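Asker: With the sequence up front, the predicted model follows.
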Amino acid sequence: MKVSLRTNGTARRLQAAYARAPQIVGPLFQRATERATEHAAGQVRSRAHPSFREHITADVQPTSGGFTGRVVGDLRAKPHMLYQEMGTRPHPIRPRRFRVLRFLVNGESVFARRVQHPGTKPQHFFSRGLRAAAPGVRRILAAYLGLAHRRLAGR
């Protein structure tokens with residue numbers, strides 16, 4: 001799933017400054033990307049189930065035009081994170097290792113060969129967290145853009 005964030009041109013202006021003087025603006029651009037990405041990851045983590053939080057990370061990679069930040073959920077460690085984010089349709093549950101399913105209802109063991117799961121409502125913690133992070137990301141990038149302009153002007 002990919003969610004885009006509009007920064008009203010701030011990111012493009014930072015990239016243009018980076019292109020003009022990468023040795024001056026490069027470290028600033030990297031810090032700006034790291035701070036903005038960590039802010040976004042924090043917003044996603046705050047909306048996620050507690051068992052998912054340590055598996056949501058901020059990742060910054062250098063690119064030809066500067067740096068790219070990503071908020072990543074580790075699906076290898078928590079594969080059901082995707083089902084919580086996107087939801088599931090109603091589906092049957094059948095036994096895998098034994099001939100029947102066994103579970104507790106009101107403290108009593110119940111056995112069944114098959115049960116119908118009603119589905120899972122999507123939680124959308126990634127998309128809601130990233131949308132909530134947008135104003136903070138814009139502020140962080142704008143602050144670093146101002147700093148980049150002051151450094152390029154020699155102040």
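Answerer: Perfect, I can see it now.

Asker: Show me what the lengthiest helix in the chain packs onto, helices and strands only.
Answerer: Ranked by number of residues, the top helix in the chain under DSSP state H is helix 125-153. On a contact count with 3 or more C-beta pairs under 8 Å, 6 or more residues apart in numbering; DSSP states H and E, helix 125-153 meets helix 10-20, helix 22-47, strand 66-73, helix 81-86. (C-beta placed from N, C-alpha, C; glycine too.)

Asker: Does anything pack onto the third one? Which helices or strands?
Answerer: In terms of contacts (3+ C-beta pairs under 8 Å, 6+ apart), strand 66-73 is packed against helix 10-20, helix 22-47, strand 56-63, helix 81-86, helix 125-153.

Asker: Which among the ones you listed is found nearest to Glu108?
Answerer: The closest of the helices and strands packed on strand 66-73 to Glu108 is helix 81-86. By C-beta to C-beta, the value is 28.3 Å.

Asker: What's the separation between the residue positioned nearest the centre of the chain and Thr63?
Answerer: In the chain, the centroid-proximal residue (C-alpha atoms, centre = their mean) is Val71; its distance is 3.6 Å. Going from Val71 to Thr63 by C-beta to C-beta, to the nearest Å gives 16 Å.

Asker: Make sure Ser109 is indeed in a helix.
Answerer: No. Assigned with DSSP: H, G, I helix; E, B strand; the rest coil, Ser109 falls outside any helix and is strand.

Asker: Hmm, Arg102 and it touching each other?
Answerer: Yes. If you go by C-beta atoms under 8 Å, Ser109 and Arg102 touch, sitting 5.9 Å apart.

Asker: Tell me what the residue located most distally from the centre of the chain is bridged to.
Answerer: The C-alpha centroid of the chain is most remote from Glu108, which lies 40.5 Å away (C-alpha atoms, centre = their mean). For Glu108, the beta-bridge assignment (DSSP bridges) gives partners Val105.
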